[in-house]
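**Student:** Output the structure for:
(one chain, ligands or ions: 2)
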Amino acid sequence: GEPEGILWRAEEHDYSPESENSARINATLLSLVRNQELTELVTTMKDLERTWNHKFNYPWTFLNDEPFTPEFKKRTQEVTKAKCYYEQVPKDHWEAPEWIDDELVKESNKILEENNIQYSDKPSYHKMCRWNSGMFYKHPALANTRYYWRVEPNVQFFCNVDYDVFRYMQDYNKTYGFTINLFDAPESLPTLWPETERFLAEHPEYISENNMMEWLVDDKLRPEHNKKANGYSTCHFWSNFEIGDMNFFRSEAYEAYFNHLDRAGGFFYERWGDAPVHSIALGLFEDASKVHWFRDIGYRHIPYFNCPNSPKCSGCTPGKFYEGASFLAKEDCRPNYFK
Ligand code: GDP
Ligand code: MN
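**Tutor:** Numbers count the residues shown, from 1 in each chain. Ligands and ions are numbered 1, 2, ... in the order given. Presented below is the predicted three-dimensional model:
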């Protein structure tokens, strides 16, 4: 069920869309999206508006490396009473840094392709992963915003959620909320953990006392992953869904960590995802009690689900984790996390 304690309900507070003194906290729904994903985005927006945001009217912020079309703006604003903001990503946030060597990128991406790493040959995908790792919270339009809920086109939401989840994050001192916890393809990040260890050797002061190191290095369930990823279990919060406090990413520790990784070049020479990068940082620098599993938010991003057993949910099978080939079942990393 939902978290315990005092929760803010829409009926008891002012959440009207236009209100200057609303009960909303400083937060936005946030979506990096392409113009051509409009149809899938609108479907997703309708889901989240129906199950949650039509009561709370948190603003939407859309980001894109290209300008949004008038049609995009019109059709997204049509499905919400909340304010919508449309922002372009600055070029210097999106493009590969100057120290990245194009020849080396080509060479190393061949190895990724041989290992069947999805999207490894798409420069835009590497840029997107880097941007989601170290840039999104630096966008000038978000300078005065603290909490975000990341939303991708083509994801689904299944359960009615009756409380202000952003206020929950704030009141209960949470930094990060997730729904799905997975193993990653080790071939996409062979040097991410070695680089992380190098960083930690230089900056042991950033390690949290109550950290989640055991989750990051646990090798009981899939030892081959730890071997191929040079010590990292590859377990991560699946970041297509995240509800987070941008102050964490804006911290000195995270900034130093991201800069170290960016210099090392693995966003381009390998295919480091923003999910493992966020997860490792949270696991090392944050207190474990500040990460929250939103078990009550029914969610799907193909091919995985978070589907609670609750009368508030419809459209997914309670407890179902994956859809498709049965090997997907072993990608669930929740057992390690809850240990
Ligand atoms: P996957 O979930 O790893 O298969 O990757 P997606 O294709 O879903 O991309 C992740 C998110 O980034 C989605 O919200 C996409 O809409 C967005 N995205 C990916 N590449 C680009 C890009 O080149 N430009 C823009 N504007 N958005 C992108
Ligand atoms: Mn996706």
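**Student:** Next up, the contacts around residue 142.
**Tutor:** 28, 30, 61, 136, 148, 246 (Cβ atoms under 8 Å, 6 or more residues apart in numbering). Just so you know, the C-beta spots here come from the backbone N, C-alpha and C atoms, and that holds for glycine as well.
**Student:** how far away is the residue nearest the centre of the chain from residue 120?
**Tutor:** In the chain, the centroid-proximal residue (Cα atoms, centre = their mean) is residue 239; its distance is 2.5 Å. As judged by Cβ to Cβ, to the nearest Å, residue 239 and residue 120 stand 18 Å apart.
**Student:** Name the residue of the stretch 151-300 of the chain that lies nearest to ligand 1.
**Tutor:** Relative to ligand 1, the nearest point of the stretch 151-300 of the chain is residue 152 (3.7 Å; Cβ to the nearest ligand atom).
**Student:** Pretty sure that residue sits against residue 30.
**Tutor:** No. Distance between residue 152 and residue 30: 10.2 Å, which falls outside the contact criterion (Cβ atoms under 8 Å).
**Student:** Just the contacts of residue 142: which are in strands?
**Tutor:** Per DSSP state E, strands hold the following members of these: 28, 30, 61, 148.
**Student:** of all these, which comes closest to ligand 2?
**Tutor:** Ligand 2 lies nearest to residue 30 out of these, by Cβ to the ion, at 14.1 Å.
**Student:** for the residue lying closest to that closest one once chain neighbours are set aside, what are its contacts?
**Tutor:** Counting by Cβ to Cβ, 6 or more residues apart in numbering, residue 30 lies nearest to residue 148, which is 4.2 Å off, once chain neighbours are set aside. Shown in contact with residue 148 (Cβ under 8 Å, 6+ apart): 27, 28, 29, 30, 61, 136, 137, 142, 242, 243, 244, 246.
**Student:** Up against ligand 1, what does the stretch 101-250 of the chain have?
**Tutor:** Residues of the stretch 101-250 of the chain lying close to ligand 1 (Cβ under 6 Å from any ligand atom) are 124, 125, 128, 152, 153, 240.
**Student:** Quick check on those residues: which are buried?
**Tutor:** Neighbour-count burial (16 or more other Cβ atoms under 10 Å) applied to those gives 128, 152, 153, 240.
**Student:** Name the nearest of those residues relative to residue 303.
**Tutor:** residue 240 (12.0 Å; Cβ to Cβ).
**Student:** Is the closest one in contact with residue 155, as I believe?
**Tutor:** Yes. Residue 240 sits in contact with residue 155 when judged by Cβ under 8 Å, with a separation of 6.3 Å.
**Student:** Name the residues contacting each of the two.
**Tutor:** Residues touching both residue 240 and residue 155 (Cβ under 8 Å, 6+ apart) are residue 301.
**Student:** if we can go back for a sec, where neighbours are concerned, which of the ones in strands among the contacts of residue 142 has the most?
**Tutor:** Highest neighbour count within these, by other Cβ atoms under 10 Å: residue 30, with 26 neighbours.
**Student:** List the residues that contact that residue.
**Tutor:** Neighbouring residues of residue 30 by Cβ under 8 Å, 6+ apart: 60, 61, 63, 136, 142, 148, 149, 150, 151.
**Student:** Close to ligand 2: what parts of the stretch 201-339 of the chain are there?
**Tutor:** residue 240 (Cβ under 5 Å from the ion).
**Student:** circling back: which residue sits closest to the residue nearest to the centre of the chain, ignoring its sequence neighbours?
**Tutor:** Using Cβ to Cβ, 6+ apart and skipping residues adjacent in sequence, the residue nearest residue 239 is residue 275, 3.9 Å away.
**Student:** Which strands and helices lie in contact with the helix or strand of the chain with the lowest mean pLDDT?
**Tutor:** The weakest-scoring helix or strand in the chain, judged by mean pLDDT, DSSP states H and E, is helix 334-338 (a mean of 92). Contacts defined by 3 or more Cβ pairs under 8 Å, 6 or more residues apart in numbering; DSSP states H and E place helix 334-338 against strand 181-182.
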